[in-house]
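Colleague: A structural model of the following input is requested.
(2 chains)
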Amino acid sequence: MSQLARHATVALAIARKDALSELRGRQASGSTLFFAALVLLLFGFALGPDSQRLSEAAPGLLWLAIVFGGLLTVARLHQLEAEDGAFEQLALYPVDRRAIFAGKALAASTAMLVLGGLLLPVVAILYALPIGAAWLALIATVVLGAIGFAAVGTAYAALTVRMRAREVMLPLLMLPIVAPLLLAAVKATAAALTGDPFGELGSWLQLLAGFDVVMLVVGAGTYGFLLEE
Amino acid sequence: MPQTTIYVAPRLAGTPPAVATTDLARLFGRSAALAGVSISVEMGRTIALLGPNGAGKTTLLRIIATSIRPSFGTLAVDGIDALRLPDLVRGRVAYLSHATGHYDDLTARENLHFAAQLRGWGPSEAVAVAHDALDEVGLAPVAGDRVRTFSAGMRKRLSLARLLVARPSLLLLDEPHAALDEDGMALVDRLLGRWHAAGITVLVASHQAERVTSVADGALRLDGGLVVEVSGSGVRADLPTSWRAPLPVASGLDR
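Modeller: Okay, here's the model as predicted:
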């Protein structure tokens, strides 16, 4: 088996294990979705029936919901490892640390993509958005946003998983780093929904893709240090 | 009951010690859990680590497993500098810790299949070795049950099965008899005998002194983070009289 194939096998095994645990712990994934949908619903009520106002706020609120849900997801995927010393065992397998990072990031980004995919129609209904024509650009934005968020989240979740105040420390450390990603994701979503009148969608997507590449490289390169106690 | 094939470690003339440490120490805050341990364990030997709670047995095993780094000292496993090349060492070492490290929402079979994949077995081989290992530790009837439903003893048996899917030349066992019933303890004794016969080096920390010394070649007794007694064959150690403290915090040595 080539080195790359071995890394891919390890990453897929870790992602599969996380996905199985996540699916079987349905209460956790259900509560994440419920929480994210509740955020959208409450903001919808707070903003009132003004459709212009709702559509202007929708991109930001969509990403707010995805971020809240994403934070819970990445924290939980590492919390699974903290139970009964699993993280120590995972660190002791003779596998490349980058493969472990890839597996954890793959699981987190897949969970976030599912969350984003479920929230998009909710936003479209609650905020009366015409997403029909913009679906491709919206999917590209959610995919790129989820990958970048998962890459940063996976690295920081490994850093904070052994801390007592990890629930507080994870968003505190992570949110400043993902600020450029969120800005680009909100702008790209807004551009996609308004038909991209200023031709800026491509630039925001490029920024998202660049952010993803940098964070994947940095995360993979530092994950081995983060695994060590 | 079919037996899992145990990888037979090659034993060559002139080979380096399986484990060699020099002044190995580990501080936690201002106290030293390990206060300067220099030992050399021959390949293929089973060595018992004895001593009271807080003696430093677990810390020593965790450092050798590359789970934590020492504060001072050197460590070589099979002649490999474990502090510089921990990734290389991890392929040779399997560690049974106090914490079982299983995933509660996965079944016993899935947990073991995952471990086998990360240990480098191919897809079909991983299924086969996981099946055999579960059979060997007596968990085959509950292989499809989630680990969340397991008792402490069953979790320990699953941890033993995880050792069987590894192919180590060095096994580190921390209280392998703990939480097990009489059948389980007999299983551990049987496995210790097989690993010994297969030429695998085993370091086993235990409070069941009689059980482990009956199968061990030699023994090290630790106290206060130091080796205070060496007995039997296959292991050498510098005792405190010949040891010069590398530690800046002498007050921590009473731990």
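Colleague: and residue 143, what does it touch?
Modeller: As the question left the chain open, I've gone with chain A. Shown in contact with A:V143 (CB atoms under 8 Å, 6 or more residues apart in numbering or on different chains): A:L113. Quick note: C-beta positions are derived from backbone N, CA and C, even for glycine.
Colleague: look at chain B instead
Modeller: Neighbours of B:A143 in contact, by CB under 8 Å, 6+ apart: B:T107, B:A108, B:R109, B:H131, B:L134.
Colleague: distance of the residue of chain A found nearest chain B from B:G232?
Modeller: As assessed by CB to the nearest CB, chain B sits closest to A:G85 within chain A, at 2.5 Å. With distances defined as CB to CB, to the nearest Å, the gap from A:G85 to B:G232 amounts to 31 Å.
Colleague: again with A:F45
Modeller: From A:F45 over to B:G232 the distance is 76 Å, taken as CB to CB.
Colleague: in terms of neighbours, single out the busier of those two.
Modeller: Remark: of A:F45 and B:G232, B:G232 carries more neighbours, 15 against 10, as counted by other CB atoms under 10 Å in any protein chain shown.
Colleague: A:T32: how many residues sit nearby?
Modeller: A:T32 sits with 22 neighbouring residues when counted by other CB under 10 Å.
Colleague: what about it, distance to B:K156?
Modeller: Here the distance between A:T32 and B:K156 works out to 33 Å (CB to CB).
Colleague: where does pLDDT dip in the stretch 101-250 of chain B?
Modeller: Of all residues in the stretch 101-250 of chain B, those with pLDDT under 70 make up the ranges B:241-250.
Colleague: what does it have sitting close to chain A?
Modeller: Proximity of the stretch 101-250 of chain B to chain A is assessed by CB under 8 Å from any CB of the partner chain, with B:101-106, B:110, B:114-115, B:117-120, B:122, B:146, B:162 identified as the residues in range.
Colleague: would you list the buried entries among these?
Modeller: Buried members of those, counted by 16 or more other CB atoms under 10 Å in any protein chain shown: B:101-106, B:110, B:114-115, B:117-120, B:146, B:162.
Colleague: helices of chain A, start to end?
Modeller: Remark: helices assigned in chain A by DSSP state H are A:3-24, A:26-47, A:51-82, A:86-92, A:97-126, A:135-160, A:166-193, A:201-227.
Colleague: tell me the most buried of those?
Modeller: Mean neighbour count (mean count of other CB atoms under 10 Å in any protein chain shown) peaks for helix A:135-160 among the helices of chain A, with a mean of 24.
Colleague: related to what we said a few turns ago, need the contact list for the residue of chain A closest to chain B.
Modeller: Residues touching A:G85, when contacts are defined by CB under 8 Å, 6+ apart, comprise B:S97, B:H98, B:A99, B:T100, B:G101.
Colleague: how many other residues sit next to the second one?
Modeller: It stands for B:H98. Taking other CB under 10 Å as the criterion, the count of residues near B:H98 is 17.
Colleague: pop out the phi and psi values for it.
Modeller: phi -60, psi -50 (degrees, to the nearest 10).
Colleague: that one: what's it in contact with?
Modeller: With CB under 8 Å, 6+ apart, B:H98 has these contacts: A:G85, B:T58, B:D174, B:E175, B:A178.
Colleague: relative to B:L172, how far out is it?
Modeller: Distance of B:H98 to B:L172, given as CB to CB: 12 Å.
Colleague: check the residue lying closest to B:T66 once chain neighbours are set aside and give its pLDDT.
Modeller: If you skip the residues right next to it in sequence, B:T66 has B:P86 as its closest partner in space, 4.1 Å away by CB to CB, 6 or more residues apart in numbering or on different chains. Residue-level confidence at B:P86 comes out at 92, pLDDT.
Colleague: same for the worst-scoring helix or strand of chain A on mean pLDDT, what does it pack against?
Modeller: In chain A, the helix or strand scored least confidently by mean pLDDT, DSSP states H and E is helix A:26-47, which has a mean of 82. Contacting helix A:26-47 under the criterion 3 or more CB pairs under 8 Å, 6 or more residues apart in numbering or on different chains; DSSP states H and E are the following elements: helix A:3-24, helix A:51-82, helix A:97-126.
Colleague: list the buried residues in the biggest helix by length in chain B.
Modeller: Of all the segments assigned as helix in chain B under DSSP H, the longest by residue count is helix B:182-197. Of the residues in helix B:182-197, those with enough neighbours to count as buried (16+ other CB under 10 Å) are B:G184, B:M185, B:L187, B:V188, B:D189, B:L191, B:L192, B:W195, B:H196.
Colleague: for the residues you listed, give me a markdown table that also has distance to A:G116.
Modeller: Converted to a markdown table, those look like this (distance: CB to CB, whole Å):
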| residue | distance to A:G116 |
| --- | --- |
| B:G184 | 47 |
| B:M185 | 52 |
| B:L187 | 49 |
| B:V188 | 49 |
| B:D189 | 54 |
| B:L191 | 48 |
| B:L192 | 52 |
| B:W195 | 50 |
| B:H196 | 55 |
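Colleague: just flag the most distant two among those.
Modeller: Greatest spatial distance among the buried residues of helix B:182-197 (CB to CB): B:G184 and B:H196, at 18.9 Å.
Colleague: got a list of what residue 163 touches?
Modeller: You didn't pick a chain, so chain A it is. Counting by CB under 8 Å, 6+ apart, A:M163 touches A:M169.
Colleague: switch to chain B, please.
Modeller: B:L163 makes contact with B:A94, B:L96, B:L171, B:L173, B:L191 under the criterion CB under 8 Å, 6+ apart.
Colleague: so how far is the helix or strand harbouring the third one from its chain's centroid?
Modeller: Just to be clear, that refers to B:L171. B:L171 is located in strand B:170-174, with elements delineated by DSSP states H and E. Offset of strand B:170-174 from its chain centre (CA atoms, centre = their mean, to the nearest Å): 1 Å.
Colleague: that strand pairs with which strands, parallel or anti?
Modeller: Each strand paired with strand B:170-174, and its direction, by DSSP bridges: strand B:93-96 (parallel), strand B:201-205 (parallel).
Colleague: which of the contacts of B:A143 sits closest to chain A?
Modeller: For these, the residue nearest chain A by CB to the nearest CB is B:T107; the value is 9.3 Å.
Colleague: number of residues surrounding that closest one?
Modeller: Neighbours of B:T107 under the rule other CB under 10 Å: 19.
Colleague: surely it touches B:F150?
Modeller: No - in terms of CB atoms under 8 Å, B:T107 does not count as a neighbour of B:F150; the distance is 10.1 Å.
Colleague: near chain B, which residues of chain A show up?
Modeller: Listed as neighbours of chain B in chain A under the rule CB under 8 Å from any CB: A:1, A:6, A:9-10, A:13-14, A:17, A:20-21, A:24-25, A:80, A:83-96, A:228-229.
Colleague: quick one: average confidence on the helix or strand where B:L60 lies?
Modeller: In this structure, B:L60 is located in helix B:57-64 according to DSSP H and E. Along helix B:57-64, the predicted local confidence has a mean pLDDT of 96.
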